[in-house]
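Peer 1: Got a predicted model here, sequence first, then my questions.
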Amino acid sequence: MPAGGDVLDLSAEVGEALAAGRPVVALETTLVSHGFPGTRGVAVALESELRVRAAGAVPATVAVVDGRIRVGLAADVLERLAASPATRKAGPRDLASCVAGGGLGSTTVGGTLAVCRLAGIRFMGTGGIGGVHRGFARTLDISADLAQMARTPALVVASGPKSLLDVQATAELLESLGVPVLGWRTDTLPRFYTASGGPAVSARVDSAAEAARIARLHWQLTGGSGLLVARPPSRSLDVDEPTEQALEEAQRAGAVGQAVTPAVLAYLHQATGGATLEVNAELIADNAGLAAELAVAYAAVGQ
């Protein structure tokens, strides 16, 4: 039984795949309850699972449900997460209280990685990671995603830090934490909706086998921190100006901490006529598929 087994429920499919050493990819659920309007996030989550399966891996979507941490979810659970206004955004600090409270919790990147560490899952796909917020010297607002990546032996595929963040400072902190940033067929760190304009990555990878080999060596040499594989969005949008406007609007509305990201995303979706919504949905599914390709490549050469 994995650590945390008294509150951790693996679906039969996920449990059997992990026991057999088959490739498994974790998927977060804040996109379901906080990332998209209405039930659009459910469709994105289900498409991500399909992309993982198509690449030959098992999807392990994570959430807190009725006081249990669930790894591997049915569609009706995703619908509950999207429909309930009481669904909490569950980062690493929130998992225990969310479980104790017996309610619903959609896991962030950091919360999902905490569960990956418990369950022994090595690969995760998501849209964008949290990071260092703009003006952090005044607010000290830094996402728990980064610290959790540093302590979890998992490879995360994302399209870089979310666009509302200080991308340069996020890259610097990842370096300080010893987290490699591998550019998927790119030399620079994507900025979520925007493919270019970020700082240089620590290394470029052009194949799944190459990324898997680096991950294996990294875990052998460092003892267990995570890696980020940064995949540029297939369709790039320049959202610098509306992002500045969105941040100003969020500040006027009093949004702080975990409330900032959904407020900014909602503003961008409206300001761009839904273009950011479409790009976000596409890159989440694409990243899930790539995470599965990397998991399959890693499994192919043994543990």
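Peer 2: Noted; the coordinates are in hand. Computed from a predicted model, the values in this text were never measured in an experiment.
Peer 1: thought residue 298 was touching residue 121?
Peer 2: No. Counting by CB atoms under 8 Å, residue 298 does not reach residue 121; the two are 11.7 Å apart. Where C-beta positions appear, they are placed from N, C-alpha and C, glycine not excepted.
Peer 1: Let me see the contact set for the residue lying closest to residue 29 once chain neighbours are set aside.
Peer 2: Of all residues not flanking residue 29 in the chain, residue 106 sits nearest, at 4.0 Å (CB to CB, 6 or more residues apart in numbering). By CB atoms under 8 Å, 6 or more residues apart in numbering, the contact list for residue 106 reads 28-30, 32-34, 63-64, 81, 87-90.
Peer 1: for residue 17, same thing?
Peer 2: 23, 24, 58.
Peer 1: Could you measure from the second one over to residue 48?
Peer 2: For residue 24, the distance to residue 48 equals 14 Å [CB to CB, to the nearest Å].
Peer 1: Give me the common contacts of the two.
Peer 2: Any residue near both residue 24 and residue 48 by CB under 8 Å, 6+ apart counts here, and that gives residue 59.
Peer 1: if we can go back for a sec, between residue 298 and residue 121, tell me which one has more neighbours.
Peer 2: More neighbours surround residue 121 than the other of residue 298 and residue 121, with 28 against 22 (other CB atoms under 10 Å).
Peer 1: what's the helix or strand for the more buried one?
Peer 2: Taking DSSP states H and E as the definition, residue 121 sits outside all helices and strands.
Peer 1: Let me know the pLDDT of it.
Peer 2: Looking at residue 121, its pLDDT reads 98.
Peer 1: Distance-wise, check it relative to residue 232.
Peer 2: On the measure of CB to CB, residue 121 and residue 232 end up 25 Å apart.
Peer 1: Can you report phi and psi for the residue of the chain most remote from its centre?
Peer 2: Ranked by distance from the centre of the chain (CA atoms, centre = their mean), the top residue is residue 252, with 27.7 Å. The phi/psi pair for residue 252 (degrees, to the nearest 10) reads phi -60, psi -30.
Peer 1: do you know how far it is from residue 270?
Peer 2: Taking CB to CB, one finds residue 252 at 16 Å from residue 270.
Peer 1: Can you show me the strands along this structure?
Peer 2: Assigned by DSSP state E, the strands in the chain fall at 8-10, 24-27, 58-65, 68-71, 88-90, 104-107, 123-125, 155-158, 181-184, 203-205, 227-230.
Peer 1: Show me what the second one is packed up against.
Peer 2: The elements that strand 24-27 packs onto, with contact taken as 3 or more CB pairs under 8 Å, 6 or more residues apart in numbering; DSSP states H and E, are helix 12-20, helix 40-54, strand 58-65, helix 109-119, strand 123-125, helix 275-300.
Peer 1: in its sheet, what does that strand sit against?
Peer 2: strand 58-65 (parallel), strand 123-125 (parallel) (DSSP bridges).
Peer 1: what about the helix or strand that it is followed by, average pLDDT?
Peer 2: Moving toward the C-terminus from strand 24-27, the next helix or strand (DSSP H and E) is helix 30. If you average the pLDDT over helix 30, you get 96.
Peer 1: what residues does helix 30 touch?
Peer 2: 89, 106, 107, 108.
Peer 1: backbone phi and psi for the residue nearest the centre of the chain, please?
Peer 2: In the chain, the centroid-proximal residue (CA atoms, centre = their mean) is residue 126; its distance is 3.4 Å. Per-residue torsions, residue 126: phi -150, psi 180 (degrees, to the nearest 10).
Peer 1: Touching, residue 113 and residue 146? I think so.
Peer 2: No. Counting by CB under 8 Å, residue 113 does not reach residue 146; the two are 10.3 Å apart.
Peer 1: Look at the two and report which has more neighbours.
Peer 2: The neighbour comparison of residue 113 against residue 146 (other CB under 10 Å) goes to residue 113, with 32 against 23.
Peer 1: Next, the contact list for that one, please.
Peer 2: Taking CB under 8 Å, 6+ apart, one finds 26, 92, 124, 145, 148, 149, 152, 154, 156, 226 in contact with residue 113.
Peer 1: tell me the contacts of residue 219?
Peer 2: Contact analysis of residue 219 by CB under 8 Å, 6+ apart lists residue 153.
Peer 1: pLDDT on stretch 268-275, on average?
Peer 2: Confidence for stretch 268-275, expressed as mean pLDDT, is 89.
Peer 1: Check the separation of the first and last residues in it.
Peer 2: Start-to-end span of stretch 268-275 (CA to CA, to the nearest Å) is 9 Å.
Peer 1: Show me the contact partners of that stretch.
Peer 2: For stretch 268-275, the external contacting residues (CB under 8 Å, 6+ apart) are 37, 163, 193, 237, 239, 242, 243, 245, 246, 276, 277.
Peer 1: Pull the contacting residues for residue 131.
Peer 2: Contacts for residue 131 (CB under 8 Å, 6+ apart) come out as 142-143, 145-146, 161-162, 165-167, 169-170, 173-174.
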